[in-house]
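A.B. asks: Give me a 3D structure for the following:
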Amino acid sequence: MALQGAIPVEFGVVFPHGAFVIGEVTAEADFDASTRDNRVQKRDKVSGLPVWQVPVMDADPEARKGQRELTVKIAAEVQPVPPEILNGTPFRPVEFEGLTVTPYVDTNGPRARQAFSFRASGMRKPGNKPAAKDAAARDAA
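C.D. replies: Residues are numbered from 1 along each chain as shown. As a prediction, the model looks like this:
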C-alpha cells in the first residue's frame, strides 16, 4: 500500500475552525524504559528527539463528545512553548506546523473504533508564518 505510517495534512483541513491549547505541555513517558523510581521521556523513533504532549481542543462546534479534546505530540529538543492566552479568556489559539495524522484501530473499550494519532514539528500563534517561509517569500519577490 502506498500510504504507510504518518500522513502529512494541512492544519486547516484537520482544524477548519481552529484549535486551542487547553493545558500544559508535558513530556511523554516511555513506559517501556521507565521504572517506578526513574521516569524516562519517550524519544521519537525517526529523529531521536524527546516527545512532548500538547492537550488540544478542536474549535469545531459540530465536534462530537469524545472528539473535541485530543493530544498532539511534538518531537523537539526543548519543551515547546504554547502561544499566549487570548485576552479575557482561558484559551490559547494555536496552529500546528508539520502536522501528520496516523490512523489506527483503538481496541480499548467495549468496541473497536477508528482513531487518529496527531504529531507536529512545532506550534505557533495562528496567522504567524514560520520565519524560514517568510524569508523565502521575500527572496522570491
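
A.B. asks: alpha carbons only for contacts and neighbour counts from here, please
C.D. replies: Noted.

A.B. asks: how deep is F116 tucked in, by neighbour count?
C.D. replies: A count of nearby residues for F116, using other Cα atoms under 10 Å, gives 14.

A.B. asks: try A29
C.D. replies: Counted with other Cα under 10 Å, A29 comes out at 17.

A.B. asks: where does the chain have low pLDDT?
C.D. replies: Applying pLDDT under 70 to the chain picks out residues 1-3, 129-141.

A.B. asks: Any idea what the residue nearest the centre of it is bridged to?
C.D. replies: In the chain, the C-alpha nearest the mean C-alpha coordinate belongs to V72, at 2.3 Å (Cα atoms, centre = their mean). Counting by DSSP bridges, V72 is bridged to V54, F118.

A.B. asks: Run through the residues that contact it.
C.D. replies: Q53, V54, P55, V56, S117, F118, R119, A120 (Cα atoms under 8 Å, 6 or more residues apart in numbering).

A.B. asks: ok, now how distant is it from V101?
C.D. replies: Applying Cα to Cα, to the nearest Å, the value for V72 to V101 is 10 Å.

A.B. asks: Overlap in contacts, the two.
C.D. replies: S117, F118, R119.

A.B. asks: could you flag which of the residues you listed are buried?
C.D. replies: Buried members of the shared contacts of V72 and V101, counted by 16 or more other Cα atoms under 10 Å: F118, R119.

A.B. asks: Redo the shared contacts of V72 and V101 as a markdown table? Include distance to N38.
C.D. replies: Converted to a markdown table, these look like this (distance: Cα to Cα, whole Å):
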| residue | distance to N38 |
| --- | --- |
| S117 | 26 |
| F118 | 27 |
| R119 | 26 |
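
A.B. asks: now the helices for this protein?
C.D. replies: Along the chain, the segments classed as helices by DSSP state H run 11-14, 131-140.

A.B. asks: I would like the residues contacting the shortest one, please.
C.D. replies: What that stands for is helix 11-14. Residues outside helix 11-14 that contact it (Cα under 8 Å, 6+ apart) are G18, E95, F96, E97, L99.
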